[in-house]
Each structure stands twice: as structure tokens, then as C-alpha cells.
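[1] I'd like to go over a predicted model; first the sequence, then the structure.
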Amino acid sequence: MDRDAVASVVLRRRDAPDLPAVLAGGTLVIASPDLRELRERGPVTERVVAFDAAGDVVEDLPHQR
């Protein structure tokens, strides 16, 4: 992923609002009490999605621990 192209990142969850990440120093942090409910195994239902400044998807990755 081209870090310079990424303007925002969210954790997209099924049946729940997206959780925005905080971007700083080349790292992203997603903080929320809702993260306890993420699946560790089985079908992937959460995705980490990165957007450029125009709102276009730069990267769309499955999330599993």
C-alpha cells in the first residue's frame, strides 16, 4: 500500500457502523470497545479499507487476528 496515497482508513463491520482509524507516523490505530466482538476464526466479516483523498478505495483487506 502506498502510504502517501492513503488519506483515511476504516474498519468496516457487518451490521455495525464503520470505525475510523487514527493515522500517525505511518501507523494506524483503531480504538473502540466494540473491537472485543470481532471474530478470531471463521468467515471474515470485517475489512480494513483505505481511501485516498478523493474517497476512492486504495486497499481493501480482510481482518482477522
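    Alright, I've got the coordinates.

[2] Off-centre distance for stretch 55-65?
    6 Å (CA atoms, centre = their mean, to the nearest Å).

[3] do the same with stretch 19-37
    8 Å.

[4] what mean pLDDT would you report for it?
    Stretch 19-37 comes out with an average pLDDT of 76.

[5] Put the alpha carbons of stretch 15-27 into CSV.
    In CSV, the C-alpha atoms belonging to stretch 15-27 read as follows (Å, rounded to 0.1, in the frame of the first residue of the first chain):
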residue,chain,number,x,y,z
ASP,A,15,-24.3,-4.8,10.8
ALA,A,16,-22.3,-2.0,12.5
PRO,A,17,-21.0,1.5,11.7
ASP,A,18,-17.5,1.8,10.3
LEU,A,19,-14.8,2.5,12.8
PRO,A,20,-12.3,5.2,11.7
ALA,A,21,-8.6,4.8,12.3
VAL,A,22,-6.2,7.5,13.5
LEU,A,23,-3.2,7.8,11.2
ALA,A,24,0.1,9.0,12.6
GLY,A,25,3.7,8.3,11.8
GLY,A,26,2.9,5.6,9.3
THR,A,27,0.8,3.6,11.8
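
[6] Identify the residues contacting that stretch?
    Contact with stretch 15-27 is made by 3, 6, 8-13, 28-32, 34-35, 49, as judged by CB atoms under 8 Å, 6 or more residues apart in numbering. Where C-beta positions appear, they are placed from N, C-alpha and C, glycine not excepted.
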